[in-house]
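Q: below is the sequence, then the predicted model.
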Amino acid sequence: MKKNIAMPALKPDMKEGILCRWNVEAGDSVSAGDVIYEVETDKVVAEIEADSSGTISDIFVEEGDAVEPGTVLAQIETDDIV
Amino acid sequence: MYYIKNEFRSPYFNLALEEYLLRYSSDDIFMIWRDSPAIVCGRGQNIYEEADVCAASDEGVSICRRFSGGGTVYHDEGNINYTFILNYGGDLDYSSMLAPVVNALNSIGVPAEAAGCDITANGKKISGNAQARVGDRLLHHGTLLFDSNIDRLDRLTGERRAFCSAMDSRAVKSRVAAVANIKDFLPADLAFLKSEDFESQLRRLIFPEAEETRLDDVTILKAEALASEKYSSWEWIYGYSPRFHFRSDGVEYTAKRGIIESVSSGFTEDVRESLIGARLSLDSLVEAGIGHDAARLMLTGK
């Protein structure tokens, strides 16, 4: 099943977050809990973990891009059957 | 809340200790510590754009990358660092974290006020702060310039950012701010305070109720291991830099994660080829066949 990975809001009034680093590339398989990317806003860095296991199928946003919360960053083909 | 008086002075160890306590402790921690001279860039920064890496290394100043976001700061024994590591599920916010520090400074007569992520006094920055979050654990830390070498700070970071136009990237940029030492704002009856006196006062002024605890041997060993594997590694300090483009004095190249990807002008074709894949370090560049001066140009833009 394909799932979108979207920019989270690190705080309620966050206008945009910088995707500072991808730890994966398209084609990489990940396990739930792996840190897949890092976001920075207002001098706060957060490591974002995969919430399901699977394979990263597409990456849409480059390192250094500042995007609004909710923007789709990547897609994951999950191992979930449903 | 526990108070840890950390007397280690290695910036690599201290930065590793923060990450270790953030990830593996479950306590609320308040820590005060100092470093030997060091330039410390934010996690998402291009170190080559932020600091004169050659001058720092010539002067014996350590070059480091920290776990949290934000810009580049300078540490030395005249700068006191404070850290809060908290179980904190709430919204990210600087003002509530800065308030106890601002109050502590006000109580000894320093006209400190919170200004975004910074603390200023009479408009000059005296403290830079940053945060990182792992799950529901929050790291908030900051510098307190008490009696720091401001000339060196400006020379190795501030001035450099002002003139370094050779590099272009989308990395997180530092804001250049006019900085000052807290010592200069102390009332006359406290003007004798030394950095170590200020350091020991801070604990009482910021969190008097925190229970003092010592670092146990396991924590020290784990933090030492993290310092040697990660915080003092080339891959973390330099190799974490995002992609950037360099153009100066007829040399043009692109590097990603500290490794040269392409060289589009300068040098002979053979040298250009041998530079591809080389690390951006003085030794690797010289080994790839260019002179010291050219290597310094590639690392610093001058």
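A: Structure received. Numbers count the residues shown, from 1 in each chain, chains lettered A, B, ... in the order given.

Q: and what about the residue in chain A positioned nearest to chain B, helix, strand or coil?
A: In chain A, no residue comes nearer to chain B than residue A:64, which is 2.6 Å away by Cβ to the nearest Cβ. In this view, the C-beta of every residue, glycine as well, is placed from N, C-alpha and C. Applying DSSP: H, G, I helix; E, B strand; the rest coil to residue A:64 yields a three-state assignment of coil.

Q: disregarding flanking residues, what is the spatial nearest neighbour of it?
A: Once flanking residues are discounted, residue A:64 sits nearest to residue B:170: 2.6 Å by Cβ to Cβ, 6 or more residues apart in numbering or on different chains.

Q: which ones are touching the one you found?
A: Applying Cβ atoms under 8 Å, 6 or more residues apart in numbering or on different chains to residue B:170 gives the contacts A:62, A:63, A:64, A:65, B:242, B:243.

Q: separation between it and residue A:32?
A: Per Cβ to Cβ, to the nearest Å, residue B:170 is found 29 Å from residue A:32.

Q: neighbours of residue 20, how many?
A: By default, I'm working from chain A. When neighbours are counted by other Cβ atoms under 10 Å in any protein chain shown, residue A:20 registers 25.

Q: should've been chain B
A: Neighbour count for residue B:20, taken as other Cβ under 10 Å: 19.

Q: residue A:12 now?
A: 8.

Q: just checking, it touches residue B:91?
A: Yes. In this structure, residue A:12 is within contact of residue B:91 by Cβ atoms under 8 Å, at 6.0 Å.

Q: which stretches of the stretch 201-302 of chain B form helices?
A: Ranges of helices within the stretch 201-302 of chain B are B:217-226, B:234-237, B:269-275, B:282-287, B:292-300, based on DSSP state H, counting those that start in this stretch.

Q: so which of the ones you listed comes closest to chain A?
A: helix B:234-237 (11.9 Å).

Q: for the closest one, name the packing helices and strands.
A: Judged by 3 or more Cβ pairs under 8 Å, 6 or more residues apart in numbering or on different chains; DSSP states H and E, the packing partners of helix B:234-237 are strand B:62-65.

Q: return the set of buried residues in the strand it packs on.
A: B:62, B:63, B:64, B:65 (16 or more other Cβ atoms under 10 Å in any protein chain shown).

Q: once you drop chain neighbours, what's closest to the first one?
A: Sequence neighbours aside, residue B:38 is the residue nearest to residue B:62 in space, at 4.0 Å (criterion: Cβ to Cβ, 6+ apart).

Q: which one, of the helices of the stretch 201-302 of chain B, ends up nearest to residue A:21?
A: helix B:234-237 (11.9 Å; Cβ to Cβ).

Q: quick one, what contacts residue A:60?
A: By Cβ under 8 Å, 6+ apart, the contact set of residue A:60 is A:72, A:73, A:74, A:75.

Q: swap the cut-off to 6 Å and go again
A: Listed by Cβ atoms under 6 Å, 6 or more residues apart in numbering or on different chains, the contact set of residue A:60 is empty.

Q: where's it relative to residue A:67, distance?
A: 9 Å.

Q: again with residue B:233
A: For residue B:233 relative to residue A:67 (Cβ to Cβ), the value is 30 Å.

Q: now residue 34: closest residue in space that isn't a chain neighbour?
A: This is for chain A. residue A:50 (5.1 Å).

Q: that's the wrong chain, I meant chain B
A: residue B:77 (5.4 Å).

Q: hmm, the one you found is touching residue B:35, no?
A: No. Counting by Cβ atoms under 6 Å, residue B:77 sits too far from residue B:35 to count as a contact (7.7 Å).

Q: more neighbours: those two, which one.
A: Taking other Cβ under 10 Å, residue B:77 and residue B:35 do not tie; residue B:35 has more neighbours (24 against 17).

Q: worst mean pLDDT across the helices and strands of chain B, which element?
A: Least confident helix or strand of chain B, by mean pLDDT, DSSP states H and E, is helix B:159-163 with a mean of 69.

Q: next SSE after that helix?
A: strand B:167-169 (DSSP states H and E).

Q: that following strand and chain A, are they touching?
A: No. Using Cβ under 6 Å from any Cβ of the partner chain, we find that strand B:167-169 stays clear of chain A, coming within 7.1 Å at best.

Q: contact partners of that strand?
A: B:46, B:49, B:242, B:244, B:245, B:246.

Q: for it, buried residues please.
A: B:167, B:169.

Q: let me know the secondary structure of the residue nearest the centre of chain B.
A: Geometric centre of chain B, nearest residue: residue B:40, 2.1 Å, by Cα atoms, centre = their mean. Put simply, residue B:40 is strand when judged by three-state DSSP.

Q: what sits against the closest residue to it other than its chain neighbours?
A: Of all residues not flanking residue B:40 in the chain, residue B:64 sits nearest, at 4.6 Å (Cβ to Cβ, 6+ apart). Neighbour list for residue B:64: B:11, B:38, B:40 [criterion: Cβ under 6 Å, 6+ apart].
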